[in-house]
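Trainee: Okay, sequence plus prediction incoming.
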Amino acid sequence: MEDELPEINLKPIGTVRSEIKERTRHYSGDVVSEIIVDSSLTEALDNLDEFSHIIVLYWIHKSPHRAPNKVHPRGNPQNKLMGVFATRSPDRPNPIGKSTVRLLERRDNILKVQGLDAIDGSPVLDIKPYIPGYDSVDNAKAPSWMDKR
């Protein structure tokens, strides 16, 4: 690149506690997890429980150090190689995960959520409320291989 990109340092705001202990490609929609937010940020969670869903950004801490530029979608070698940015592969240059999850309960600095696909111990980078209409797009399209669940 012509201009050097700045280095970014992030400090996690919390940690995931989950029954998911290793990387898996299985459906995690029924998994109930907890996000333990740093107690100094408890006040920052106020009013979050007015939302039914939240967006969780987390660090995929068990991702390899060097991510490939191309991957087989869904880890299936029968799928053609694609650029990693055209997939949801966890192996990325910056292994940041994103999940939209149901917020079941808030107890002080602990959020109980359903559908988080993060591994136990994953550092949480940020939490945002899911806003219907704002966080979804009309007339979106995706390639046909995405229909193969």
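Mentor: It's in.
Trainee: and the residue sitting nearest the centre point of the chain, how far is that from P6?
Mentor: Centre of the chain computed as the mean C-alpha position; nearest residue by C-alpha atoms, centre = their mean is K98, 2.3 Å away. K98 is 22 Å from P6, where distance means C-beta to C-beta, to the nearest Å. Quick note: C-beta positions are derived from backbone N, CA and C, even for glycine.
Trainee: related to what we said a few turns ago, who are the contact partners of the residue nearest to the centre of the chain?
Mentor: By C-beta atoms under 8 Å, 6 or more residues apart in numbering, the residues touching K98 are I55, V56, L57, Y58.
Trainee: can you do 10 Å?
Mentor: I55, V56, L57, Y58, R88, D117, A118, L125, D126, K128 (C-beta atoms under 10 Å, 6 or more residues apart in numbering).
Trainee: Give me the contacts around the helix or strand hosting the last one.
Mentor: In this case it means K128. Counting by DSSP states H and E, the element that carries K128 is strand 123-129. Outside of strand 123-129, the residues within contact range by C-beta under 10 Å, 6+ apart are 10-16, 35-38, 41, 44-45, 47-48, 50-61, 96-98, 100-101, 103, 111, 113, 116, 118, 135.
Trainee: same deal with stretch 6-18?
Mentor: 28, 31-41, 44-45, 56-59, 61, 94, 96-97, 99, 109-113, 116-127.
Trainee: any chance you could map the strands in this protein?
Mentor: Taking DSSP state E as the criterion, the chain carries its strands at 14-17, 32-37, 53-59, 70-71, 82-83, 96-107, 110-114, 123-129.
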